[in-house]
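Asks: After the sequence you'll find the predicted model.
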Amino acid sequence: MGRIPGNSNHGNDRIHVVRSALMYEGKQHLQFFAGIAAETVGAHNICMHLQTIPPGGSGKAHKHNHHETAIYVIKGKVGAWYGEGLREFAEAHEGEFIYIPASMPHMPINLSQTEPAEVVLARTDPREQESTVLLPDLEEDRRAAPIPDS
């Protein structure tokens with residue numbers, strides 16, 4: 001868990017096309033399709049993956065120490081509890097972008113109980129699971145909290 005499947009044929013002297021849909025489970029308890037990362041193409045400063053969040057699903061509360069995250073919602077409606085104590089809430093719909101500052105605690109959720117949500121995510125950490133810090137003490141209250149009206 002938490003390791004991206006490797007590809008030994010990478011180096012920084014050529015362009016790489018990642019065609020396979022290697023899947024892995026991150027520390028956040030979400031499934032990722034491995035795309036661009038240190039392990040797949042030898043990236044130094046970025047990772048980019050696809051992620052599907054199942055209907056009603058959520059990730060674990062976490063943060064990415066010292067790394068920013070950008071997300072584009074391909075399909076569905078996602079939300080995130082974030083900030084100190086996960087007291088704040090943000091919602092994004094298909095076609096919208098999300099920015100998460102470095103080291104910001106957050107917990108992503110799929111706001112649909114019937115449809116999966118699909119996102120593309122990019123992070124300034126080429127080994128993005130290494131900077132993932134789980135925050136289990138923040139989770140329980142948020143899982144029971146009602147979603148704010150948008």
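Replies: On my side now, so go ahead.

Asks: C-alpha from now on. contacts and neighbour counts both.
Replies: Fine.

Asks: Give the residue spans of the chain that score low on pLDDT.
Replies: 1-12, 20-33, 128-130, 141, 143-145, 150 (pLDDT under 70).

Asks: Apply 50 and report the result again.
Replies: Filtered on pLDDT under 50, the chain yields the residue ranges 1-8.

Asks: where along it do the helices fall?
Replies: Here the chain has its helices, by DSSP state H, at 38-41, 139-144.

Asks: Can you say which of these is packed in most?
Replies: helix 38-41 (a mean of 22; mean count of other C-alpha atoms under 10 Å).

Asks: What separation is there between the spatially closest residue to G85 that is not a sequence neighbour and G83?
Replies: Leaving out its chain neighbours, the residue that sits closest to G85 by C-alpha to C-alpha, 6 or more residues apart in numbering is L138, at 6.1 Å. Relative to G83, L138 is positioned 10 Å away (C-alpha to C-alpha, to the nearest Å).

Asks: Nearest residue to the spatially most central residue of the chain in space, ignoring adjacent ones along the chain?
Replies: With distances taken as C-alpha atoms, centre = their mean, the chain has L121 as the residue nearest its mean C-alpha position (5.9 Å). Distance criterion C-alpha to C-alpha, 6+ apart; nearest residue to L121, sequence neighbours excluded, is I71 at 4.3 Å.

Asks: Identify the bridge partners of that neighbour.
Replies: I98, L121 (DSSP bridges).

Asks: Distance from the chain centre to stretch 65-77, please.
Replies: 6 Å (C-alpha atoms, centre = their mean, to the nearest Å).

Asks: how about it as CSV, C-alpha atoms only?
Replies: Extracted as CSV, the C-alpha positions of stretch 65-77 are listed here (Å, rounded to 0.1, in the frame of the first residue of the first chain):
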residue,chain,number,x,y,z
ASN,A,65,4.1,18.2,3.9
HIS,A,66,5.7,21.0,1.9
HIS,A,67,3.9,20.2,-1.3
GLU,A,68,1.1,21.9,-3.2
THR,A,69,-1.7,20.1,-4.9
ALA,A,70,-3.8,21.0,-8.0
ILE,A,71,-6.9,19.0,-8.9
TYR,A,72,-9.2,19.1,-11.9
VAL,A,73,-12.7,17.5,-11.6
ILE,A,74,-13.3,15.4,-14.7
LYS,A,75,-16.6,13.9,-13.6
GLY,A,76,-18.9,14.4,-10.6
LYS,A,77,-18.9,16.6,-7.6
